[in-house]
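S.K.: Test case, fold it:
(6 chains, ligands or ions: 4)
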Protein chains: 6
Amino acid sequence: MAHEHRKHGPKTARFYIVTVSTSRYREKAEGKSPADESGDVAVSMAAEAGHIVVGRDLLPDDVYMIRRKVLELASRDDVDVVVFTGGTGITKTDVTIEAVRPLFDKEIEGFGDVFRHYSIQEVGTAAFLTRATAGVINGKAFFLLPGSPNSVRTGMRIILQEISHVLYLIR
Amino acid sequence: MAHEHRKHGPKTARFYIVTVSTSRYREKAEGKSPADESGDVAVSMAAEAGHIVVGRDLLPDDVYMIRRKVLELASRDDVDVVVFTGGTGITKTDVTIEAVRPLFDKEIEGFGDVFRHYSIQEVGTAAFLTRATAGVINGKAFFLLPGSPNSVRTGMRIILQEISHVLYLIR
Amino acid sequence: MAHEHRKHGPKTARFYIVTVSTSRYREKAEGKSPADESGDVAVSMAAEAGHIVVGRDLLPDDVYMIRRKVLELASRDDVDVVVFTGGTGITKTDVTIEAVRPLFDKEIEGFGDVFRHYSIQEVGTAAFLTRATAGVINGKAFFLLPGSPNSVRTGMRIILQEISHVLYLIR
Amino acid sequence: MAHEHRKHGPKTARFYIVTVSTSRYREKAEGKSPADESGDVAVSMAAEAGHIVVGRDLLPDDVYMIRRKVLELASRDDVDVVVFTGGTGITKTDVTIEAVRPLFDKEIEGFGDVFRHYSIQEVGTAAFLTRATAGVINGKAFFLLPGSPNSVRTGMRIILQEISHVLYLIR
Amino acid sequence: MAHEHRKHGPKTARFYIVTVSTSRYREKAEGKSPADESGDVAVSMAAEAGHIVVGRDLLPDDVYMIRRKVLELASRDDVDVVVFTGGTGITKTDVTIEAVRPLFDKEIEGFGDVFRHYSIQEVGTAAFLTRATAGVINGKAFFLLPGSPNSVRTGMRIILQEISHVLYLIR
Amino acid sequence: MAHEHRKHGPKTARFYIVTVSTSRYREKAEGKSPADESGDVAVSMAAEAGHIVVGRDLLPDDVYMIRRKVLELASRDDVDVVVFTGGTGITKTDVTIEAVRPLFDKEIEGFGDVFRHYSIQEVGTAAFLTRATAGVINGKAFFLLPGSPNSVRTGMRIILQEISHVLYLIR
Ligand SMILES: [Mg+2]
Ligand SMILES: [Mg+2]
Ligand SMILES: [Mg+2]
Ligand SMILES: [Mg+2]
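M.R.: Ligands and ions are numbered 1, 2, ... in the order given. Down below sits the predicted model:
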């Protein structure tokens, strides 16, 4: 399905990384410098692939704050791709999917599917516990990944492989 | 994604098994003792894995009766996991998905995905014919599996692998 | 999951193929004879498998025209299976999914899943870019495939493998 | 809310009237000429108000046939307004609302409201039994009225009062 | 819209009344006998109109318990009409609408409308604060009224006026 | 329905007024000072009723910008009530309802109803052309009114009558 198109998209995309973690958000609010390994992984993988990381942020599992961030990023001229990590599981406090899904212009329904396909090779049946997905908002690509560093690695590998093509398609 | 968490959940979960089959339900109503191989498979696999089966039931393909059973089980203090088998296909009379999905607090969207992944290895392309899924209701896990014994085997293997972790997450 | 049932369905199904492509539709409207390789692939694979192709058509990416065609075909006594190709991607102009999904009596949710499983083996991570799906309308099967010839090949292989069984189930 | 705009719309609109009634449809299919008082009322009120009635039809309470008609009319260049009568109640066979609502580009949510307001003055509390509504499809206005002649009179009075303005707005 | 039909329905309907109030439910659980003026109003108005009240219950604002009650009543052969009072407002704890709406086979959308029409005459603009509605489940009528005695009076007057006709239509 | 409660809410609420009008937004962007009579009406009616207007803004008919504003206001500690005017009609460019509705924690479904009730007294049948509604987001009340000054007057009269009670209920 269109390998031939991949060359058409931009080689350098501008990424913004958002970590969703109530515990780390609280530590930061208390003046501490919490580790954010998952965010770090996303940032360095994007950079190593030759992309620009224009910013990153840390949010709690709060529907309103997540939505506000999404819409702020959807309006920025200097952002092409947004990667969220965290809050995609099945606990009561996981709300990233619930917060972002209603804002998608078009959901990229197959992303969760393909993510779980590769995830099965790493964690086996546990792959069903993630509700990772992706979608388009205002011509930008939003990816919602689980919060563990390994999941971010798996997700970023998929994203980096196709992002040039994705941006070509959705603009 | 959190193999390390698996140890935190309960080692022994309390299962309730529901078979959905109009033909068997009618036979039973006529005083016969219809075989229920799929229900038997679910019961014995749960028991062999060290879990407790607190009950089982047989229902027809009836939206109201299925929903009533779901809500009765969602309120029981002695039930952790509910497994439905049957009624998840694409015939007009298959209504298990339609009955239960609107009652999910959170759908475990990836379950159907992972189920079909393993199903492909057994039945190939025919895996697309099942609409198996899962979800959380009132802190309990509900799994909706196809009605054939082989499908129940595939589904129970996935469930048993992760159930301790799932219960840890959703409570 | 019912290999044993496959024999029950009709061996010869009546297919109708619809290509969705605004550019080819315009060329045709201008009196040209645009190539339609994807439609050709679907037609010949169905015929080679012993099925009857009762018709084919070419439509633009237009929600109303796609829906109208779907409903016209859903009422025809001489059509069993409808295959759409094109308009299932993530660009703004891709509307086939949006047009047809609300018309499904029952969505065959697992089809996209299984399609992407086989697609991964051919195009790798790019498989997440398709939103292929399928569903039942008025006792007929509708499949929505991507627009590239390779995707149609992958999709048709899955469809042809199971179509007899599908028709047995949905009638 | 724009009384001043009313003058901008066309003075003469082209109406198409559809009566939904399984019993009358069957009579007609048997070669009889069933009375269709409700359809007659809609036709003559439109004509008396100076509009053109370009066609009328009789359909059974069938989701597929109703949808097919809606999409056929939505594509016609010579139709501005479509009025359905019948099938908007609460019996199991009433499917007009279920058939048409998913096809609306934009539902005119207030129409049912205003219809019931005037209906209360005629039938009192029984007004709650109708689910009349309206919506826009492809720049045309669709109104779904109950099947009794009195209801059609009430509905047509509201429609005729505002149709010029409505057409000005939705084109 | 069918005044002539009213005579066809049963003159005596079997009502079941459910009061939703967390505070009263707790008092009762503590062994007290909390007043339930709203439930009393519904019971006595139904009885005075010649109907039979087959039961009544008191529930907290709990989605699962409300749904379970709805499905239990939907399966009872001796119940025709169910009236809920309470939990239809706009506070965070009001969940009656959220609990019952997904269970409706068909929502009687006009009921809230007509209820508010009469409510405006009593409380003016405050009428917009109620989300009263009604619907059909398994051939029975479910009405969801606000929790104040005056609202129940207004709602029951509307219900009693039309219930014979409603039951004629939905069976 | 609780007139007795009205006294409990705050007597002074903090309003924020947003006018949605692409034409005025463009004029402002060009450095002009477009009249905004509807916004002025909302501001002065709120002030005359003793409330505080903490801010106002002018937006184009743009889904993303409207949503971003809604979420920014939903997070502000100094805002209790938000009134939007404009973009609630049935033209293609009217998107205020589409933008805000998915963000409601709870829709105040009866508001549109009651608004149209009073609107009928002023503009008759034309009242059906507005899709005015309201809802709660993060403990704040959002009202979506039509864009004409007369509609804003009608809407603000209803809002001001009940706002103290509404704020008491939703916090
Ligand atoms: Mg079955
Ligand atoms: Mg999937
Ligand atoms: Mg406007
Ligand atoms: Mg109303």
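S.K.: The closest residue to residue A:63 other than its chain neighbours and residue F:105, how far apart?
M.R.: Setting aside the residues directly before and after it, residue A:63 is nearest to residue A:99 in space (CB to CB, 6 or more residues apart in numbering or on different chains), at 4.5 Å. For the C-beta atoms, the positions are set from N, CA and C on the backbone; glycine is no exception. According to CB to CB, to the nearest Å, residue A:99 and residue F:105 sit 12 Å apart.
S.K.: that older thread, so the residue nearest to residue A:63 sits in a strand?
M.R.: No - counting by DSSP: H, G, I helix; E, B strand; the rest coil, residue A:99 falls outside a strand, being helix.
S.K.: So what's the residue count around it?
M.R.: Burial of residue A:99 is recorded as 23 neighbouring residues (other CB atoms under 10 Å in any protein chain shown).
S.K.: And the one 3 residues further on, by the same measure?
M.R.: Using other CB under 10 Å, residue A:102 has 12 neighbouring residues.
S.K.: again, but for residue A:44
M.R.: 12.
S.K.: Show the contacting residues for it.
M.R.: The contact partners of residue A:44, by CB atoms under 8 Å, 6 or more residues apart in numbering or on different chains, come to none.
S.K.: what helix or strand does it sit in?
M.R.: Taking DSSP states H and E as the criterion, residue A:44 maps to helix A:37-48.
S.K.: Okay, buried residues for that helix please.
M.R.: By neighbour count with 16 or more other CB atoms under 10 Å in any protein chain shown, helix A:37-48 contains the buried residues A:38-39, A:41-43, A:45-46.
S.K.: How about stretch A:98-116?
M.R.: So for stretch A:98-116, counting by 16+ other CB under 10 Å, buried means A:99-100, A:103-116.
S.K.: Quickly name whichever of those is closest to residue C:142.
M.R.: residue A:109 (17.0 Å; CB to CB).
S.K.: returning to what we had before: wait, which of the buried residues of stretch A:98-116 is closest to ligand 3?
M.R.: Distance to ligand 3 across the buried residues of stretch A:98-116 (CB to the ion) is lowest for residue A:105, with 22.0 Å.
S.K.: Ligand 3 next: which of the buried residues of helix A:37-48 are close?
M.R.: Near ligand 3, taking CB under 5 Å from the ion as the test, no member of these is found.
S.K.: export the residues you listed to CSV and tack on pLDDT?
M.R.: Converted to CSV, these look like this (pLDDT from 0 to 100):
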residue, pLDDT
A:38, 98
A:39, 98
A:41, 98
A:42, 98
A:43, 98
A:45, 98
A:46, 98
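S.K.: just these now: which is nearest ligand 1?
M.R.: The nearest member of these to ligand 1, counting by CB to the ion, is residue A:38 at 41.9 Å.
S.K.: Show me the buried residues of stretch A:98-116 that map onto strands.
M.R.: Using DSSP state E, the subset of those located in strands is A:106-107.
S.K.: From the buried residues of stretch A:98-116, pick the one nearest residue C:63.
M.R.: Taking the buried residues of stretch A:98-116 together and measuring to residue C:63 by CB to CB, the closest member is residue A:106, at 13.7 Å.
S.K.: now the buried residues of helix A:37-48 as TSV including distance to residue C:124?
M.R.: Listed next are these as TSV, based on distance: CB to CB, whole Å:
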residue	distance to residue C:124
A:38	24
A:39	26
A:41	21
A:42	21
A:43	24
A:45	17
A:46	19
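S.K.: Which two among those are spaced furthest apart?
M.R.: Going by CB to CB, the pair spanning the buried residues of helix A:37-48 furthest: A:38 and A:46, at 12.9 Å.
S.K.: Can you name the residues that contact the residue nearest to residue A:63?
M.R.: Here residue A:99 is in contact with A:63, A:66-67, A:70, A:87 (CB under 8 Å, 6+ apart).
S.K.: how many neighbours does whichever residue of chain A sits closest to ligand 1 have?
M.R.: Chain A approaches ligand 1 most closely through residue A:128 (22.3 Å), counting by CB to the ion. As a burial measure, residue A:128 scores 28 neighbours (other CB under 10 Å).
S.K.: Can you tell me how far it is from residue C:113?
M.R.: For residue A:128, the distance to residue C:113 equals 12 Å [CB to CB].
S.K.: how near is the closest residue to ligand 2 within chain A to residue F:138?
M.R.: Closest contact between chain A and ligand 2, by CB to the ion, is at residue A:113 (3.9 Å). Residue A:113 is 33 Å from residue F:138, where distance means CB to CB.
S.K.: same deal with residue A:93?
M.R.: Taking CB to CB, one finds residue A:93 at 17 Å from residue F:138.
S.K.: Have a look at the two and say which one is more surrounded.
M.R.: Using other CB under 10 Å, the more surrounded residue of residue A:93 and residue F:138 is residue F:138, with 18 against 10.
S.K.: what residues are up against the more buried one?
M.R.: Shown in contact with residue F:138 (CB under 8 Å, 6+ apart): A:64, F:74-75, F:105.
S.K.: what's the answer for residue A:137, then?
M.R.: Residue A:137 neighbours (CB under 8 Å, 6+ apart): A:70, A:74, A:103-105, F:64.
S.K.: Residue A:133 and residue A:106 touch, don't they?
M.R.: No - Residue A:133 is beyond contact range of residue A:106, at 11.7 Å (criterion: CB atoms under 8 Å).
S.K.: which sections of chain A are below the confidence cut-off?
M.R.: Regions of chain A meeting the criterion pLDDT under 70 cover residues A:1-8.
S.K.: Could you pull out the residues contacting both of residue A:128 and residue C:113?
M.R.: residue B:113.
S.K.: if we can go back for a sec, nearest residue to the residue of chain A closest to ligand 2 in space, please, no chain neighbours.
M.R.: Nearest to residue A:113 is residue C:116, by CB to CB, 6+ apart, at 5.1 Å.
S.K.: The one you found contacts residue C:129, doesn't it?
M.R.: No - judged on CB under 8 Å, residue C:116 makes no contact with residue C:129 at a distance of 9.6 Å.
S.K.: Mutual contacts of those two, please.
M.R.: Going by CB under 8 Å, 6+ apart, residues that sit against residue C:116 and also against residue C:129 are residue A:110.
S.K.: Name the single longest helix found in chain A.
M.R.: If you go by DSSP state H, chain A has its longest helix at helix A:149-170.
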